[in-house]
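Engineer: just to be clear, the model below is a prediction. Sequence and coordinates:
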Amino acid sequence: MDRLSPSVTTVAILLSGSRWSKPKILIVARCGRFLRADRKMPTGIDLIPRVRAVLEDSARVGKTITFGEIERKIGVKIGAWNKVLDPIYEDCRTQGHPDLTAIIIYKETGYPPFFSDGGEARSKRFNPNNLRQVERWQNEVARVFSWCKAERTP
């Protein structure tokens with residue numbers, strides 16, 4: 001077994017019984033995740049439909065969502081959000097749909113990191129002090145909510 005740095009959380013499930021004189025380690029988990037050799041980590045392409053479904057579900061009930069909530073719902077920590085969100089944004093833009101990614105906010109501020117407003121993905125950082133941008137973002141979020149309700153209602 002390789003050495004672990006002290007900052008890495010390690011959990012071991014131990015088996016003990018009358019057959020063994022010492023407990024034996026069955027499974028080791030690092031940082032709270034069980035690692036399996038036969039499973040590959042999902043790529044951005046694998047995550048796009050899963051993240052999109054979470055965004056649509058959230059929009060359908062009229063709620064914004066944080067990055068952490070998305071990760072919890074799909075069960076994966078996402079390192080490169082742009083590889084997942086940019087294709088969703090570009091797809092919405094090319095099809096003339098509202099920007100589904102506009103409903104993703106920072107937990108701390110309640111605002112998104114970017115609001116491209118129809119331009120290139122991540123082309124405009126969101127500025128909560130720019131009242132015009134705040135109003136346009138709020139209008140886009142409202143469009144997303146009504147579009148998802150209308151598109152997804154049987």
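Structural biologist: All right, it came through fine.
Engineer: buried sites along whichever strand or helix holds residue 143?
Structural biologist: Assigned by DSSP states H and E, residue 143 belongs to helix 131-152. For helix 131-152, a neighbour-count test (16 or more other Cβ atoms under 10 Å) marks 133, 137, 140-141, 144-145, 147-148 as buried. Backbone N, C-alpha and C define where each C-beta goes, glycine included.
Engineer: show me which of those is closest to residue 49.
Structural biologist: Closest approach between the buried residues of helix 131-152 and residue 49, by Cβ to Cβ: residue 148, at 15.5 Å.
Engineer: distance of the spatially closest residue to residue 62 that is not a sequence neighbour from residue 138?
Structural biologist: Counting by Cβ to Cβ, 6 or more residues apart in numbering, residue 62 lies nearest to residue 145, which is 4.7 Å off, once chain neighbours are set aside. Counting by Cβ to Cβ, to the nearest Å, the gap from residue 145 to residue 138 is 11 Å.
Engineer: overlap in contacts, those two.
Structural biologist: Common neighbours of residue 145 and residue 138, using Cβ atoms under 8 Å, 6 or more residues apart in numbering, do not exist here.
Engineer: what packs against the helix holding residue 143?
Structural biologist: helix 44-60 (3 or more Cβ pairs under 8 Å, 6 or more residues apart in numbering; DSSP states H and E).
Engineer: the helix it packs on to helix 131-152, inter-axis angle?
Structural biologist: Put simply, helix 44-60 runs at 90 degrees to helix 131-152, going by axes from the mean of the first three to the mean of the last three Cα atoms, to 10 degrees.
Engineer: CA atoms only for helix 44-60 - export them in PDB, please.
Structural biologist: Provided in PDB are the C-alpha atoms of helix 44-60 (Å, rounded to 0.1, in the frame of the first residue of the first chain):
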ATOM      1  CA  GLY A  44     -17.000  16.000 -18.800                       C
ATOM      2  CA  ILE A  45     -18.800  14.300 -21.700                       C
ATOM      3  CA  ASP A  46     -20.200  11.600 -19.400                       C
ATOM      4  CA  LEU A  47     -21.500  14.300 -17.000                       C
ATOM      5  CA  ILE A  48     -23.200  16.700 -19.400                       C
ATOM      6  CA  PRO A  49     -26.500  14.800 -19.600                       C
ATOM      7  CA  ARG A  50     -26.600  14.100 -15.900                       C
ATOM      8  CA  VAL A  51     -25.900  17.800 -15.000                       C
ATOM      9  CA  ARG A  52     -28.400  19.000 -17.600                       C
ATOM     10  CA  ALA A  53     -31.100  16.700 -16.100                       C
ATOM     11  CA  VAL A  54     -30.400  18.100 -12.600                       C
ATOM     12  CA  LEU A  55     -30.700  21.700 -14.000                       C
ATOM     13  CA  GLU A  56     -33.900  20.900 -15.800                       C
ATOM     14  CA  ASP A  57     -35.400  19.300 -12.600                       C
ATOM     15  CA  SER A  58     -34.400  22.400 -10.600                       C
ATOM     16  CA  ALA A  59     -35.800  24.800 -13.200                       C
ATOM     17  CA  ARG A  60     -39.000  22.800 -13.400                       C
END
